[in-house]
Structure formats: C-alpha cells, structure tokens
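Peer 1: this one's sequence-less:
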DNA sequence: TCCCATAGCTAGGATTACTACCTATCCACG
DNA sequence: CGTGGATAGGTAGTAATCCTAGCTATGGGA
C-alpha cells in the first residue's frame, strides 16, 4: 500500500474544469497548468489526466477537437455550458466541504454562531 | 450513478482520528460527532463508519475495547500514539491540500507572494 | 404495540486515481 | 549521426475508498 497515493481524492474533475475556464487547452497543457498552479503539489501522471478528460468529455462537460501543431497531434478541450454550470456548482461544494473538514479538524463548533 | 455519493473523498480517516482527540468515543458517538461538528453535512451511514474504524484499528492508529452500557454493547475507541502522530501529519496534509485546491479554483498564482 | 433512536455488523458494487506500459515527434547536445 | 528529454497522446489492470442494502438487538416513548 502506498502512502501518497490517491492524492486527488475526488476533486480532480473540478480542477480540470477550472483550468479550462480561461480558454481551451490540450491535455498536456492542462497537466502542466495543474502542476504549476499548485506549486508542484499536483504533478499528475498522464494515466490520471487523460482518462479523466475522457470521462469529462463523455459527460459532456467538455468537448475536444483534434489539431496538429508542429507535427504533433493535439486534442484541445474547452468547457461546455454544462461544464461551466458544473464548475460553478463544484466550487460551491468545495467551499462547503473545506469549511466542514477544517471546522472538524480545528475542533471548532460549526459556524452556526447565532 | 449518484450525484452526492463519495462525499468524504478520502478524508474520512483524519476526521475519525480528530473526533477521538479529546477522549475515547464509541462508533455511534463518533458518527454523531461528525454529523454535529459538520452542521449535518457529514451524516455518514454506518456502513461507512464501522468499516473505517476497523481499518484504523488494523493499522493500529486506534484501539478499541468492549463494554456494556444499559444492556447495549459498545466498542470504545481511543487514539494510539501512532494515531496521534498520524493525525498531526494528516492535519498538515489537509492544510496543504486545501491551499492547493483553493489556489487553483480561485485562479490565483501559488502563494509565492514576495 | 410498534416504531424510533441507539448500537453493532457485513457483502458487494461503483467510482476513482494510480502504476506500468505503449507510440510518436521535435529539438538540443555530444 | 544518434540519443535522450520534453512534448503529446493513449490503454489495461489494480488498489483503495465510500456507498447501498441488508442484518441483529435493546430501551423507551407514542
């Protein structure tokens, strides 16, 4: 059993959607954006990224199109309308989730302070 | 496929350990502590809680002992020394993780602010 | 009387991210 | 020239996690 495995814990999809928010990117660029945007913490193997993109495409949250740049084929992805809505919703969920976990870990009562 | 499924996303173990930080609790009480401490957000089914406790016990992060209160048998758990160390480490990991995700979702450059 | 809260449990399934592997191009360096 | 690294895409199979669905049992209140 590995120690650092499963580092993304179900939040990969939001992160992928978020990297596409300011315009289309291809898979490898998305991977790099996550690595750089997280200070190197999320340096994901391609075996994590590509299947996830396929999953998002099947769910119609993103759409991809092939192109060729410098002899290398690329698949560029962009957010669909559904994907944008999902991203907004997931952002909210993350906030809630993070607040709840932090509250429990910091031993604070839930912010219901009347 | 369910929408709200998999709500814990790999962070269940830290939360369980955290509820035991201020003293021993039995499984059901742990479940209630999580529910109340999260404002109802983490209302976990027992099929999530009990197997997780067994997992933590196998890993020697907690130890359990049987007792009987009001004719009901209980298994009380408490943190081991290893569990305490793990909790401290996991708290740090959570902070890092949450910071990274938030940075990416908020489109901020990584906190390298000079 | 009957159901709810309390208290414990398991089996099996769905989902997820990972490891390990593969192909191919372009470019820098020796 | 040729080799390795960065770029760019991919798959198969596995481990881990949390969930659903089901089970047993007690005590107390409607």
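Peer 2: Yep, that arrived. Quick caveat, the model's predicted, so the values are computed rather than measured.

Peer 1: and chain A, which residues reach DNA strand C?
Peer 2: A:2, A:5-13, A:44-48, A:51-52, A:55, A:70-72 (CB under 7 Å from any atom of the strand). For every residue, glycine as well, the C-beta is placed using N, CA and C.

Peer 1: cutoff 6 Å now
Peer 2: Counting by CB under 6 Å from any atom of the strand, the residues of chain A lying close to DNA strand C are A:5-8, A:10-12, A:44-48, A:51-52, A:55, A:70-72.

Peer 1: Could you measure from the closest residue to residue A:50 other than its chain neighbours over to chain B?
Peer 2: In this structure, residue A:50 finds its nearest non-sequential neighbour in residue A:27, 5.8 Å apart by CB to CB, 6 or more residues apart in numbering or on different chains. Separation of residue A:27 from chain B (CB to the nearest CB, to the nearest Å) stands at 17 Å.

Peer 1: Then residue A:90?
Peer 2: 8 Å.

Peer 1: Could you list the residues in contact with the strand or helix carrying that residue?
Peer 2: In this structure, residue A:90 sits in helix A:81-105 according to DSSP states H and E. Residues outside helix A:81-105 that contact it (CB atoms under 8 Å, 6 or more residues apart in numbering or on different chains): A:11, A:13-14, A:17-18, A:20-21, A:56, A:60-62, A:79, A:108-111, B:7, B:9, B:11, B:14-15, B:18-19, B:34, B:37-39, B:41-42, B:91, B:94, B:98, B:101-102, B:105.

Peer 1: Let's see which of these end up in helices.
Peer 2: A:13-14, A:17-18, A:56, B:14-15, B:18-19, B:34, B:37, B:91, B:94, B:98, B:101-102, B:105 (DSSP state H).

Peer 1: Buried only: go through the residues you listed for me.
Peer 2: Burial by neighbour count, 16 or more other CB atoms under 10 Å in any protein chain shown: within the ones in helices among the contacts of helix A:81-105 this picks out A:13-14, A:17-18, A:56, B:14-15, B:18-19, B:34, B:37, B:91, B:94, B:98, B:101, B:105.

Peer 1: Now for these: which two are most distant?
Peer 2: A:56 and B:19 (34.7 Å; CB to CB).

Peer 1: how about the residues of chain A near DNA strand D?
Peer 2: Near DNA strand D, when you scan chain A using CB under 6 Å from any atom of the strand, you find A:1, A:6, A:26-29, A:46-47, A:50-51, A:54, A:72-75.

Peer 1: Which ones among the residues you listed lie within strands?
Peer 2: A:26, A:72, A:73, A:74, A:75 (DSSP state E).

Peer 1: Now render those as CSV, adding neighbour count.
Peer 2: Below are those laid out as CSV (neighbours: other CB atoms under 10 Å in any protein chain shown):
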residue, neighbour count
A:26, 19
A:72, 9
A:73, 9
A:74, 17
A:75, 15
